[in-house]
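Trainee: predicted structure and sequence below. I'll ask about it afterward.
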Amino acid sequence: MKRVIFATNNPNKLREVRQMLTDIELVSLSDCGITEDIPETSETIEGNSIQKARYIYDRLSVDCFADDTGLEVDALGGEPGVRSARYAGESKCSEDNITLLLDRLGDNADRRARFRTVITLIWDGREHLFEGIVEGVITHKRHGEGGFGYDSVFMPDGYDITFAQMDAASKNAISHRGRAIAGLVDFLRKAVK
Ligand code: IMP
């Protein structure tokens with residue numbers, strides 16, 4: 001069976017991709033002995049995704065992929081964007097990030113936003129990028145208990161509930177990451193045929 005490394009130790013992300021990719025053995029970072037934090041110093045989501053995939057490839061020379069996600073809010077000039085995880089500081093606290101986001105948006109009527117994920121796959125030494133986007137709006141306050149990150153203040157277009165009020169399967173079916181993963185899975189299924 002073909003092996004590919006997913007540059008993550010996040011069990012939720014691993015499970016999500018494993019469920020969609022039964023013909024490929026998916027290996028996590030800790031499975032292949034990489035325990036250090038992978039540098040993410042780029043100014044763009046694409047750049048960080050490419051940087052993380054190259055970091056693994058340069059060390060192990062094996063097929064691998066990495067993802068990076070950001071929340072882009074139009075009225076804030078695309079912030080928090082590439083800084084989504086650390087918006088309110090290095091502690092990566094989601095509650096603080098949401099508080100800062102709602103403070104900065106205030107009563108602004110323009111609440112358009114999108115989540116954007118870019119996955120970089122290095123396959124047989126070549127780089128392939130897969131993007132997934134979900135458009136929506138930032139709510140005025142938190143709604144729902146599920147999910148993580150900014151889920152409680154993001155309402156996807158076509159819904160009147162936030163990601164935090166959806167069950168995981170419904171969110172994955174329309175989410176940025178779900179869409180990027182679908183592109184990756186489609187490529188890999190054809191590649192291993
Ligand atoms: P990462 O690149 O997947 O680590 O995502 C960076 C940051 O974006 C996370 O720390 C979260 O704050 C936010 N984020 C990513 N995906 C989601 C999501 O599906 N819902 C809410 N927030 C997310």
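Mentor: Thanks, I have it.

Trainee: what about whichever residue of the chain sits closest to the ligand, neighbour count?
Mentor: Ranked by C-beta to the nearest ligand atom, the top residue of the chain for proximity to the ligand is residue 149, at 2.3 Å. From N, CA and C alone the C-beta is placed, and that goes for glycine too. Look at residue 149: counted by other C-beta atoms under 10 Å, it has 18 neighbours.

Trainee: got phi/psi on residue 8?
Mentor: Backbone geometry at residue 8, expressed as degrees, to the nearest 10, gives phi -150, psi 160.

Trainee: from residue 70, how far out is it?
Mentor: Look at residue 8 and residue 70: by C-beta to C-beta, to the nearest Å, they are 16 Å apart.

Trainee: so which of the two has more stuff around it?
Mentor: Comparing residue 8 with residue 70 by other C-beta under 10 Å, the one with more neighbours is residue 70, at 23 against 19.

Trainee: does that one touch residue 43 like I think?
Mentor: No - applying C-beta atoms under 8 Å as the test, residue 70 and residue 43 come out as separate, 11.1 Å apart.

Trainee: near the ligand, which residues of the protein?
Mentor: Proximity of the chain to the ligand, by C-beta under 6 Å from any ligand atom, involves residues 67-71, 84-85, 94, 115, 147-151, 163, 175, 177.

Trainee: just to revisit the earlier point, spit out the residues that contact residue 70 and residue 43 alike.
Mentor: Residues touching both residue 70 and residue 43 by C-beta atoms under 8 Å, 6 or more residues apart in numbering: residue 82.

Trainee: for residue 31, give me its contacts.
Mentor: So residue 31 contacts residue 5 (C-beta under 8 Å, 6+ apart).

Trainee: so what touches stretch 37-56?
Mentor: Defining contact as C-beta under 8 Å, 6+ apart, one finds that stretch 37-56 is touched by 5, 7, 29, 34, 62, 64-70, 81-82, 116-122, 127, 129.
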